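**Q** Provided below for reference: sequence and predicted model.
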Amino acid sequence: MDEKHRILKDYFGHTDFRPGQQAIVDELIAGRDVLGIMPTGAGKSICYQVPAMLFDGITLVISPLISLMKDQVTSLIQSGIRAAYLNSSLSLSQYGRVLDNIRAGKYKIIYVAPERLTAESFLAVCRQINISLVAVDEAHCVSQWGQDFRPGYLKIPDFIAALPRRPITAAFTATATEGVREDILRLLRLQQPFTLTTGFDRPNLFFSVERPSDKILRLLELISERRDRTGIIYCSTRKNVEEICQLLCDNQIAATRYHAGLSEEERRQNQEDFVYDKKTVMVATNAFGMGIDKSNVSYVIHYNMPKNIESYYQEAGRAGRDGSEAECILLYSPLDVRTNQFLIDNSDPNPELDDAARIAVHQQECERLKYMTFYCTTNDCLRNYMLKYFGEKEKSYCGKCSNCLTRYETTDATIEAQKILSCIIRCGQRFGRSTIIQTLRGTRENKLHQYGLDNLTTYGIMRDTSVKQLRYLFLCLEEKGYIYTTTSDYPVVKVTAACRELLKGNAKFTVRIPKEQLPAKTRKHTADIDSVTDKELLEKLRVLRRTLADQANLPVYVIFSNAALIDMCRKCPTTESQFLEISGVGRRKLEQYGSAFLSVIKNHLDSKGGS
């Protein structure tokens with residue numbers, strides 16, 4: 001066994017690297033800069049933690065996520081790796097003590113917030129020590145075109161340049177379009193980097209979009225069906241978070257809340273309650289977006305549609321981090337689109353951007369919202385839609401999303417499309433979608449009479465078509481590139497050159513309409529935990545894990561993940577060597593917990609054999 005595999009097994013309990021990990025580890029060990037684009041849950045941290053153990057010097061990990069730093073450091077210490085973090089959660093004396101320990105060479109891995117890089121005390125220490133590797137987590141934050149731009153990330157190249165010797169530099173992110181990737185390479189000044197995109201697909205996640213007539217009732221149904229599971233509910237506003245959290249608590253569901261309007265202490269306490277499984281449901285805004293390393297989240301429900309695909313992919317990716325089957329459910333309403341547009345229009349502008357750049361960023365946000373809306377309204381494969389958005393090609397049928405498990409019939413809507421396009425053109429391409437729909441349906445609005453739209457030949461030509469059907473046709477036309485909506489203060493619908501062939505009758509326009517859904521038992525998501533045949537042993541292992549976690553004041557998943565417990569139930573190890581074959585069991589975990597878990601497994605097998 002070579003050194004990197006020995007470290008992987010001894011410290012992290014894995015015998016093999018996941019896709020992409022070994023290639024990145026090899027390049028870093030060889031001294032080359034790296035850009036790794038890997039989905040949430042793909043194991044980005046292993047890519048820099050394994051090389052960190054092989055390098056002579058210290059590895060510095062730059063992360064914007066205070067809670068994630070704490071989780072990572074706790075897990076590393078549990079695995080026998082000396083680690084620490086520096087961020088605003090530390091008191092002045094704690095901060096000074098960590099700096100002293102860094103000088104004394106007591107750590108192999110140090111996590112630091114980007115804002116700390118400019119602190120003279122920290123920079124002075126860094127100039128005195130040997131930094132072998134700088135790993136930039138959530139690297140998309142460096143780009144103003146990214147969904148989570150943080151100005152502090154722009155200071156990273158200057159910090160690296162101020163060091164006596166340039167360390168190897170690695171950047172990692174889960175979400176990056178082509179423009180964001182280019183920004184990462186340029187702004188972080190990566191030198192001839194090895195770039196790897198492992199793919200954005202998360203095969204263990206089931207994606208679903210629902211359009212319930214009553215969101216609250218549907219949400220209660222979903223949570224009630226999953227009372228024994230851990231989940232996150234994302235809302236777009238603080239008000240929604242408060243209302244939903246109270247609703248769940250009133251229905252005897254162990255829920256807590258998280259948003260930027262709460263005090264720092266309450267956010268910390270609520271997050272801790274969730275991480276330590278004192279609360280099974282977290283209701284949150286996107287302020288809770290990236291900072292969770294909790295591996296046993298089995299579902300993520302979006303009560304409101306996010307502003308963009310990048311945010312949705314990242315937030316939904318909080319589910320199934322340990323590789324277990326998990327669900328990502330989005331409850332869509334057209335009102336979500338208007339709410340998000342309001343949030344985009346009224347967001348605080350970045351003071352470091354000039355007027356032209358601010359306009360460009362606003363237009364980009366509007367464009368992203370459009371694609372997010374398409375995701376919620378498309379009848380095509382949801383997984384494939386997201387993969388195409390990030391530049392990947394995939395099969396049109398995944399078998400693990402709500403659209404793939406719904407039967408559709410394809411309908412020729414060419415005539416309907418021609419009517420809509422003709423109306424837009426005859427209205428002078430000067431009005432928004434609502435006005436066009438009112439004209440097509442022949443409503444008696446004063447505005448239509450005022451502008452003379454009631455005199456057009458297209459006035460009332462679709463009066464028998466419902467508003468809902470017309471809105472769907474508009475979305476299909478926009479998704480297929482026949483029309484677009486401007487991003488001005490008063491959005492206007494315009495046609496594209498592609499519509500000419502459709503209007504001439506030289507092209508067809510078809511839409512997919514839901515016909516029937518597959519039976520519930522076929523559509524029902526099955527979690528890995530449901531596949532365990534010996535539920536009694538699984539429960540005994542969970543009780544032991546909870547006891548050990550409480551004694552050590554640790555989250556249960558830091559002891560062992562759900563995936564590790566499931567693997568124990570399947571393999572039933574009775575010796576130390578067999579226990580080392582369990583996924584997630586390294587030598588340190590064997591030393592700490594092996595005897596306790598082996599004892600439970602042996603006693604259980606003996607009791608079954610004697611019955």
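**A** Done, it's in. Just so we're clear, the structure is a prediction, and the values are computed from it rather than from any experiment.

**Q** switch to C-alpha atoms for all contacts and neighbour counts from now on
**A** OK.

**Q** Determine the number of other residues adjacent to the nearest residue to residue 395 once chain neighbours are set aside.
**A** Distances taken as Cα to Cα, 6 or more residues apart in numbering place residue 384 nearest to residue 395, at 6.8 Å, with adjacent residues excluded. By other Cα atoms under 10 Å, 19 other residues sit near residue 384.

**Q** Report the contact partners of the residue lying closest to residue 361 once chain neighbours are set aside.
**A** Leaving aside its chain neighbours, residue 361 sits nearest to residue 145 (6.7 Å; criterion: Cα to Cα, 6+ apart). Residues near residue 145 by Cα atoms under 8 Å, 6 or more residues apart in numbering: 179-180, 361, 364.

**Q** Most neighbours out of those, which is it?
**A** If you count neighbours using other Cα under 10 Å, the busiest of those is residue 180, which has 20 neighbours.

**Q** quick one: which helix or strand includes it?
**A** Using DSSP states H and E, the element containing residue 180 is helix 178-187.

**Q** Quick one: residues in contact with that helix.
**A** Under Cα under 8 Å, 6+ apart, the answer for helix 178-187 is 35, 139-140, 142-143, 145-146, 154, 157, 171.

**Q** got the buried residues for it?
**A** Buried residues in helix 178-187, counting neighbours by 16 or more other Cα atoms under 10 Å, are found at 180-181, 183-185.

**Q** need those in JSON lines with pLDDT, can you?
**A** Shown next, in JSON lines, are the buried residues of helix 178-187 (pLDDT from 0 to 100):
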{"residue": "180", "pLDDT": "85"}
{"residue": "181", "pLDDT": "88"}
{"residue": "183", "pLDDT": "91"}
{"residue": "184", "pLDDT": "93"}
{"residue": "185", "pLDDT": "94"}
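
**Q** what's the next secondary structure element after the helix holding residue 180?
**A** That would be, after helix 178-187 and using DSSP H and E, strand 194-197.

**Q** Show me the helices in the stretch 1-150 of the chain, by range?
**A** Per DSSP state H, counting those that start in this stretch, the stretch 1-150 of the chain carries helices over the ranges 3-12, 21-29, 44-54, 66-78, 92-103, 120-128.

**Q** I'd like to know which of those is closest to residue 269.
**A** Closest to residue 269 of the helices of the stretch 1-150 of the chain, according to Cα to Cα: helix 66-78, at 11.4 Å.

**Q** burial measure for residue 594, as a count.
**A** Neighbours around residue 594, by other Cα under 10 Å: 19.

**Q** and the helix or strand harbouring it, how far out from the chain's middle?
**A** Secondary structure assigned from DSSP H and E places residue 594 in helix 587-609. Averaging C-alpha positions (Cα atoms, centre = their mean, to the nearest Å) puts helix 587-609 35 Å from its chain's average.

**Q** Let me see the mean pLDDT of that helix.
**A** The average pLDDT within helix 587-609 is 92.

**Q** Repeat that for stretch 81-98.
**A** 91.

**Q** That one spans what distance, first to last residue?
**A** End-to-end span of stretch 81-98 (Cα to Cα, to the nearest Å): 16 Å.

**Q** list the buried ones in that stretch?
**A** For stretch 81-98, using 16+ other Cα under 10 Å, the buried residues are 81-87, 95, 98.

**Q** and the protein, what are its domains?
**A** By the assignment in automatic domain parsing, the chain contains the domains 3-197, 205-405, 408-517, 532-609.

**Q** Touching the helix or strand harbouring residue 266 from outside, list them.
**A** For residue 266, the element it lies in under DSSP H and E is helix 264-275. Residues from elsewhere that reach helix 264-275 (Cα under 8 Å, 6+ apart): 256-259, 279-282, 294, 555.

**Q** Any chance of those in TSV with secondary structure, distance to residue 203 and neighbour count as columns?
**A** Shown next, in TSV, are the contacts of helix 264-275 (DSSP: H, G, I helix; E, B strand; the rest coil; distance: Cα to Cα, whole Å; neighbours: other Cα atoms under 10 Å):
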residue	secondary structure	distance to residue 203	neighbour count
256	strand	29	26
257	strand	29	26
258	strand	29	25
259	coil	30	21
279	coil	27	19
280	coil	24	21
281	strand	24	27
282	strand	24	25
294	coil	19	23
555	coil	26	24
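
**Q** any idea which of those is the one closest to residue 112?
**A** Nearest to residue 112 among these: residue 294, at 19.9 Å, using Cα to Cα.

**Q** measure that closest one to residue 568 for me?
**A** 20 Å.

**Q** do the same with residue 547
**A** Distance, residue 547 to residue 568, using Cα to Cα: 17 Å.

**Q** what's the answer for residue 442, then?
**A** 67 Å.

**Q** Compare the two and say which one has the larger neighbour count.
**A** residue 568 (23 against 19).

**Q** if I pick that one, what's in contact with it?
**A** 579, 582.

**Q** The helix or strand where it lies to helix 587-609, inter-axis angle?
**A** In this assignment (DSSP H and E), residue 568 forms part of helix 562-571. Inter-element angle recorded for helix 562-571 and helix 587-609: 40 degrees (by axes from the mean of the first three to the mean of the last three Cα atoms, to 10 degrees).

**Q** mind listing what's buried in helix 562-571?
**A** So helix 562-571, judged by 16+ other Cα under 10 Å, has buried residues 562-569.

**Q** Reformat those as CSV; add pLDDT.
**A** Shown next, in CSV, are those (pLDDT from 0 to 100):
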residue, pLDDT
562, 86
563, 85
564, 91
565, 92
566, 90
567, 91
568, 94
569, 93
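
**Q** Closest one to residue 199 out of those, please.
**A** Looking across these and measuring by Cα to Cα, the closest to residue 199 is residue 563, at 22.3 Å.

**Q** mind listing what that closest one touches?
**A** 322-324, 583.

**Q** Residue 87 versus that one, what's the distance?
**A** Counting by Cα to Cα, the gap from residue 563 to residue 87 is 31 Å.
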